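**Q** A structural model of the following input is requested.
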Amino acid sequence: MLIRETIEERELRELSPYAAKSRFTRGRLKPEEECPIRTAYQRDRDRIVHSKAFRRLKHKTQVFIAPEGDHYRTRLTHTLEVAQIARTIARALFLNEDLTEAIAFGHDLGHTPFGHAGEDQLNSLLPGGFKHNAQSLRVVDVLEKGEGLNLTWEVREGILKHTWSEEPPETLEGQIVRLADRIAYINHDIDDAIRAGVLKEEELPRDCLKILGFRHRDRINTMVTDVIKNSLDKPQITMSQDVEWAMLELRNFLFRTVYIGSEPKKEEKKAKFLIKMLYEHYLENVYQLPEEFQNIVKNEGPERAVADYIAGMTDRFALKVYKELFIPHPLT
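**A** Just a heads-up that it's a prediction; the model follows:
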């Protein structure tokens, strides 16, 4: 028996009846020979980790644009925290850790430079709109390597539906990542906002802290433990009403105090202006797009190609291109 088959047998014996089993995947967009060692979900996770889009996450904004300090989260560290939280929950519930991790690693691959500011601007410019979750799926289906990564249906569905504007994923592993994403960003954005001087610990709503805990690690532990207790041996991932209420209240508090109108977030106007200038420039000069985007120009139109190119940029690459295009160069 192959090593992969042994792992698949172990999944059948040991995982929850509600777990997604790699042997029964709905398959890939294009059929391919199976690996003798790794399961389908292991291969998907590895393909994402080795992708260029995954490496670029380290230079993309999480919440504060281009912070000077070394200790602020980036889109990559956010992704790793989501994966850690999601994997802890999946293991406790005897669900498929490999599938959970693959979805978590891939969920934000389509994020633009400058975080949601870049996403909002591209959404206003691209005919038909732009959403980072749909772009994440486009990265793994089309853009990476010029032909996509040919991932399984379960990973692709979990990536697309990790945002709460979409219906819940069918797999419990996808539902875990969707909730772990929220748990991660609420807690680490509080941490970063306090580090940036935007918030003070004593300003956090006391009624939420009484339920979730007064320390960063206590709040994460409360949320994760609550998800596990309320989802064990059940066909859906859920939280208790009081913990969910406190988590959402904390999220609303962040929108009022950090995400909208705080001093560092005022930089977003500049970021949106930069994205708009790049979009308009490349739309007028599509021949300047790299070779791999010229087929997209021919097959899907220049707007789609320009949006794909800009969405794939890191913050610092977008700034570099903007300076080269729009800032005069002094004689040397």
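
**Q** Okay, now the unreliable bits of the stretch 1-150 of the chain?
**A** 66-67 (pLDDT under 70).

**Q** Let me see the ranges of the helices in it.
**A** For the stretch 1-150 of the chain, the helices defined by DSSP state H, counting those that start in this stretch cover 3-14, 40-49, 52-56, 75-92, 97-106, 115-125, 132-138.

**Q** between the ones you listed, which gets nearest to Val306?
**A** helix 115-125 (8.7 Å; Cβ to Cβ). For the C-beta atoms, the positions are set from N, CA and C on the backbone; glycine is no exception.

**Q** where do the strands sit along this protein?
**A** For the chain, applying DSSP state E gives no strands.

**Q** In it, which residue is most central in space?
**A** In the chain, the residue lying closest to the centroid (Cα atoms, centre = their mean) is Asp108, at 2.2 Å.

**Q** Pretty sure it sits against His78.
**A** Yes - the criterion here is Cβ atoms under 8 Å, and Asp108 meets it with His78 at 7.0 Å.

**Q** Which elements pack onto the helix ranked longest in the chain?
**A** Counting residues, the longest helix found in the chain (DSSP state H) is helix 172-195. If you count contacts as 3 or more Cβ pairs under 8 Å, 6 or more residues apart in numbering; DSSP states H and E, helix 172-195 packs onto helix 75-92, helix 97-106, helix 153-160, helix 216-231, helix 241-254.

**Q** switch to 6 Å and redo it
**A** If you count contacts as 3 or more Cβ pairs under 6 Å, 6 or more residues apart in numbering; DSSP states H and E, helix 172-195 packs onto helix 75-92, helix 97-106, helix 216-231, helix 241-254.

**Q** burial count for Glu33?
**A** 5 (other Cβ atoms under 10 Å).

**Q** swap that for Glu144, please
**A** Residues near Glu144, counting by other Cβ under 10 Å: 22.

**Q** do you know how far it is from Ala318?
**A** The gap separating Glu144 from Ala318 is 19 Å, by Cβ to Cβ, to the nearest Å.

**Q** before we move on, the earlier item: Ala193 is nearest to which of the helices and strands packed on helix 172-195?
**A** Short answer: helix 241-254, nearest of those by Cβ to Cβ, at 7.5 Å.

**Q** list the buried ones in that closest one?
**A** Buried residues in helix 241-254, defined by neighbour count with 16 or more other Cβ atoms under 10 Å: 243-244, 246-247, 250, 253-254.

**Q** Not counting it itself, show me its contacts.
**A** Contacts made with helix 241-254 from outside it, assessed by Cβ atoms under 6 Å, 6 or more residues apart in numbering, are listed as 186, 189, 205, 208, 211-212, 226.

**Q** Report the angle between that helix and helix 172-195.
**A** Interaxial angle, helix 241-254 versus helix 172-195 (axes from the mean of the first three to the mean of the last three Cα atoms, to 10 degrees): 50 degrees.

**Q** before we move on, back to that, name the member of the contacts of helix 241-254 with the most neighbours.
**A** Leu212 (25 neighbours).

**Q** could you dump the contacts of helix 241-254 to a markdown table with distance to Leu199 and pLDDT?
**A** Output for those, formatted as a markdown table (distance: Cβ to Cβ, whole Å; pLDDT from 0 to 100):
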| residue | distance to Leu199 | pLDDT |
| --- | --- | --- |
| Ile186 | 13 | 96 |
| Asp189 | 9 | 94 |
| Pro205 | 11 | 97 |
| Cys208 | 13 | 97 |
| Ile211 | 19 | 98 |
| Leu212 | 16 | 98 |
| Asp226 | 24 | 98 |
